[in-house]
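1. Here is a sequence with its predicted model. Questions after.
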Amino acid sequence: MNTPPVSISLSSYGADLVRQRGQGSFIDVLAAAGATRIEWREELLTDENPLQLADNSHAQGLESIYSSPMELWLAGQSKPNPELTATLERAQAFGAKWLKVSLGYFTDNNDLQALNRVLLRSPVQLLVENDQTLHGGRIEPFQRFFTQVEHHHLPIKMTFDIGNWHWQDQSAASAARLLGRHVGYVHCKAVSRRADGKLVAIPPTASDVQEWEHLLRHMAQGVMRAAEYPLQGDDLVQLTTEHVATLARLGQSRLESAHV
């Protein structure tokens with residue numbers, strides 16, 4: 001049975017530790033833990049050499065996703081974010097096959113043909129994520145965006161961040177049902193509300209994992225998935241190994257029952 005690809009978002013190890021150690025130091029951790037992909041975080045970069053990271057991760061058998069906090073659509077502009085071309089080039093320099101960005105301010109006036117022209121010049125596939133904002137973290141703009149993506153036959157998939165829907169009080173189950181067929185990458189994240197009312201990402205409980213199992217039923221079998229929640233402890237390899245195994249099992253029961 002094929003094991004689904006599992007990525008680790010390096011932000012999971014904590015911003016301070018990642019900046020202190022450098023993102024390249026986690027390549028060996030992920031490879032030893034059985035992950036198949038690594039998600040570089042643009043906002044946590046210090047003085048890393050992209051080509052060296054690309055070579056080192058490739059040598060360990062890891063494929064790469066490049067995550068940028070840029071928004072695809074800026075408010076009041078019909079053309080895609082002018083930073084997109086440079087960000088695609090940066091992702092390619094890191095050896096990434098995928099670039100993950102936020103949706104931004106999508107409206108019916110946005111120029112999808114202009115977006116397509118930018119994407120045709122790059123081998124990197126675009127993944128558009130629901131973030132935690134009012135304009136980029138709700139279901140309805142994504143429905144309209146992917147209707148246009150389909151209409152124009154654009155090579156774009158969705159990064160479905162399970163936890164981020166909470167920030168705008170959206171139902172992850174409804175989002176999965178309505179958007180699941182567009183998903184190419186799943187960010188797994190459990191969420192808790194602190195005493196001060198702030199929402200924070202936390203490691204999953206058994207019930208969280210069960211919920212994720214249900215959500216993935218609306219998506220392609222074996223869809224790429226990632227941990228994006230705190231992975232912090234003394235033995236990062238052992239901890240990461242456990243979570244990689246948990247995420248790899250998501251959706252496998254459906255496959256097993258289909259083979260009975």
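-> In hand now; what should we look at? Computed from a predicted model, the values in this text were never measured in an experiment.

2. Might you report the residue contacts of residue 164?
-> Going by C-beta atoms under 8 Å, 6 or more residues apart in numbering, residue 164 touches 129-132, 137, 187, 189. For glycine as for every other residue, the C-beta is placed from the backbone atoms N, C-alpha and C.

3. where does stretch 126-144 sit relative to the chain's centre, distance-wise?
-> Counting by C-alpha atoms, centre = their mean, to the nearest Å, stretch 126-144 is centred 13 Å from the centre of its parent chain.

4. From one end of that stretch to the other, what's the distance?
-> For stretch 126-144, the first-to-last residue distance is 17 Å (C-alpha to C-alpha, to the nearest Å).

5. what's in contact with that stretch?
-> When contacts are defined by C-beta under 8 Å, 6+ apart, stretch 126-144 is touched by residues 65, 71-72, 75, 88, 98-106, 108, 119, 145, 155-161, 164-165, 167-168, 170-171, 174-175, 178-179, 182, 184-185, 187.

6. Put the buried members of those residues into a ChimeraX selection.
-> Remark: buried members of those, expressed as a ChimeraX selection using 16 or more other C-beta atoms under 10 Å:
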select :65,71,72,88,98,99,100,101,102,103,104,105,106,119,145,156,157,158,159,160,161,164,165,167,168,170,175,178,179,182,184,185,187
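
7. could you say which helix or strand contains residue 52?
-> Taking DSSP states H and E as the criterion, residue 52 maps to helix 50-59.

8. picking that back up, any chance of CSV for the contacts of residue 164, columns distance to residue 9 and pLDDT?
-> Converted to CSV, the contacts of residue 164 look like this (distance: C-beta to C-beta, whole Å; pLDDT from 0 to 100):
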residue, distance to residue 9, pLDDT
129, 11, 98
130, 15, 98
131, 14, 98
132, 15, 97
137, 17, 98
187, 7, 98
189, 9, 97
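
9. top of the residues you listed by neighbour count?
-> When neighbours are taken as other C-beta atoms under 10 Å, the top entry among those is residue 130 (28 neighbours).

10. That one and residue 114: what is the separation?
-> Taking C-beta to C-beta, to the nearest Å as the measure, residue 130 falls 23 Å from residue 114.

11. Confirm residue 40 sits in a strand?
-> Yes. Applying DSSP: H, G, I helix; E, B strand; the rest coil, one finds residue 40 inside a strand.

12. Just list whatever residues bridge to it.
-> residue 66 (DSSP bridges).

13. Count the neighbours of it for me.
-> Neighbourhood size, residue 40 [other C-beta under 10 Å]: 28.

14. One more: residue 140?
-> Neighbours of residue 140 (other C-beta under 10 Å): 10.

15. ok, now how distant is it from residue 212?
-> From residue 140 over to residue 212 (counting by C-beta to C-beta), the distance is 23 Å.
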